[in-house]
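Peer 1: sequence? don't have it. structure:
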């Protein structure tokens, strides 16, 4: 108890509503909050003359343990505070930053070669053209929102409103008002009329994340919208006809919630007309090299960062880690490594906690890279674009020659080509058979 009583959070924010929200979330975890409207006030309160840092990258380089983008997700904030307060843990890249370098990706741009991922994307691409609700299931950080954004971008409603609501980030007693609106004086504190999210998205799409956390009364209202196309704001004596498409997502199994009586059956089947299951990163570690280069390419365009490569040893190590935070954690680890890196390419040294967890690069971890993982052949440029096929082919041939110790008959047989074809390729590509 003593440790909780001495935990103090300084919140620097000029938005009173955000301050109240964050303070309420933090207080549930035993934190007391003090407020500062701006950085200058915060520095004065801390009694330090250190320079004021307004840029997140500068803050990270100066030792910030995490970086959170608003709107704040309660679980995310509490996890960040717990990690920051835990003196037994070193600060490192395993803190799941919510720094996002995002823009909607088309389906063909989403990286995923594992069969389960390709299946999910194929279903999503087909379903995008319809108006049917889509439900996306998967662990924290697997990319559910990325898939939802791709569905919206490929749908006939792509140019119409697209609004997102994280149901777990809004207090249950306020969620009805946010989703369905309220009239003036509908309840204590309702000083003005509020237009619902669904009305704001008329004709377009609403993405409900963490839909499994909807309270029972909100579930009932959502069933009415899905069955009758109507909503009634709180305190209203009338209803509105609404035309919206609903995409939803959950970090936990809705089927289990249904079986436990925590989720309405009628709502489950209406949200779940098309179900997509996004596999965790540990089940598709072959995607890690491509994901890493993709993220590094996008990070290079951010102020304060530069173009970086990543070594095969680092990729092998990353594939050996279990990634409980999935793709989001991988992006965060790469972001931290890129911020702190002083060379031209990331090595295992830029990932000290992951390296320690995995052990010797390539050994250990449920997703360890095997002998046939193809990491030795780089498929992407540092900017995230594919390398020319001729260069990739040359690397494959060099790799085969080295692997089979220059036994050209065996090289040709394993590559599925004749010896004469192999020698012709060697000549065309300028490769020595001693490569």
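Peer 2: Here it is on my side, so go on. Computed from a predicted model, the values in this text were never measured in an experiment.

Peer 1: Tell me where the stretch 51-200 of the chain has helices.
Peer 2: Per DSSP state H, counting those that start in this stretch, the stretch 51-200 of the chain carries helices over the ranges 56-61, 74-85, 115-127, 144-153, 172-180, 197-200.

Peer 1: Domain parsing of this structure, as residue ranges.
Peer 2: 2-85, 115-277, 282-358, 389-429 (automatic domain parsing).

Peer 1: which of those sits most buried?
Peer 2: Of the domains of the chain, the one with the most neighbours on average (mean count of other CB atoms under 10 Å) is domain 282-358, at a mean of 20. All C-beta atoms are positioned from the backbone trio N, CA, C, and that covers glycine.

Peer 1: mind checking the end-to-end distance for it?
Peer 2: 13 Å (CA to CA, to the nearest Å).

Peer 1: what's the offset of that domain from the middle of its chain?
Peer 2: Taking CA atoms, centre = their mean, to the nearest Å, the mean C-alpha location of domain 282-358 is offset from the chain mean by 14 Å.

Peer 1: Determine which of the helices of the stretch 51-200 of the chain approaches residue 265 most closely.
Peer 2: helix 172-180 (20.4 Å; CB to CB).

Peer 1: Dump the domains of the chain into TSV; add distance to residue 107 and mean pLDDT as well.
Peer 2: Below are the domains of the chain laid out as TSV (distance: least, CB to CB, whole Å; pLDDT from 0 to 100):
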stretch	distance to residue 107	mean pLDDT
domain 2-85	25	68
domain 115-277	5	91
domain 282-358	15	88
domain 389-429	23	84
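
Peer 1: quick one, which of the helices of the stretch 51-200 of the chain is nearest to residue 347?
Peer 2: helix 56-61 (18.3 Å).

Peer 1: How about the backbone phi and psi for the closest residue to residue 307 other than its chain neighbours?
Peer 2: Nearest non-adjacent residue to residue 307, counting by CB to CB, 6 or more residues apart in numbering: residue 300, 4.2 Å away. Main-chain torsions, residue 300, degrees, to the nearest 10: phi -60, psi -20.

Peer 1: My guess is residue 300 contacts residue 309. True?
Peer 2: No - look at residue 300 against residue 309 with CB atoms under 8 Å: they stay out of range, at 10.4 Å.

Peer 1: what about the spatially most central residue of the chain, which helix or strand?
Peer 2: Centroid-nearest residue in the chain, with CA atoms, centre = their mean: residue 328, separated by 3.6 Å. Per DSSP states H and E, residue 328 falls inside helix 326-340.

Peer 1: which residues touch the helix or strand following that helix?
Peer 2: Counting by DSSP H and E, the next helix or strand C-terminal to helix 326-340 is strand 345-346. Contacting residues not belonging to strand 345-346 are listed as 296, 308-311, 314, 334, 337-338 [CB atoms under 8 Å, 6 or more residues apart in numbering].

Peer 1: again, only using 7 Å
Peer 2: 308-311, 314, 337 (CB atoms under 7 Å, 6 or more residues apart in numbering).

Peer 1: what do you get for stretch 207-216?
Peer 2: 145, 148, 164-168, 172, 175, 222, 246-252, 254, 257, 263, 271.

Peer 1: could you pull out the strands for the stretch 1-150 of the chain?
Peer 2: 8-12, 32-36, 134-137 (DSSP state E, counting those that start in this stretch).

Peer 1: Tell me which of these lies nearest to residue 105.
Peer 2: strand 134-137 (14.6 Å).

Peer 1: and the closest one, what does it pack onto?
Peer 2: Counting contacts by 3 or more CB pairs under 7 Å, 6 or more residues apart in numbering; DSSP states H and E, strand 134-137 is packed against helix 144-153, strand 245-250, strand 274-277.

Peer 1: would you turn these into a markdown table with distance to residue 131?
Peer 2: A markdown table is the format used below for the helices and strands packed on strand 134-137 (distance: least, CB to CB, whole Å):
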| stretch | distance to residue 131 |
| --- | --- |
| helix 144-153 | 11 |
| strand 245-250 | 5 |
| strand 274-277 | 11 |
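
Peer 1: returning to what we had before: pull up the overlap in contacts between residue 300 and residue 309.
Peer 2: With CB under 7 Å, 6+ apart as the test, residue 300 and residue 309 reach no residue in common.

Peer 1: Now residue 161: closest residue in space, sequence neighbours ignored.
Peer 2: Going by CB to CB, 6+ apart, residue 161 has residue 204 as its nearest residue, at 3.6 Å.

Peer 1: separation between the one you found and residue 258?
Peer 2: Applying CB to CB, to the nearest Å, the value for residue 204 to residue 258 is 28 Å.

Peer 1: Let me have the helices of the stretch 51-200 of the chain in CSV, extended by distance to residue 241.
Peer 2: CSV is the format used below for the helices of the stretch 51-200 of the chain (distance: least, CB to CB, whole Å):
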stretch, distance to residue 241
helix 56-61, 43
helix 74-85, 34
helix 115-127, 24
helix 144-153, 22
helix 172-180, 14
helix 197-200, 10
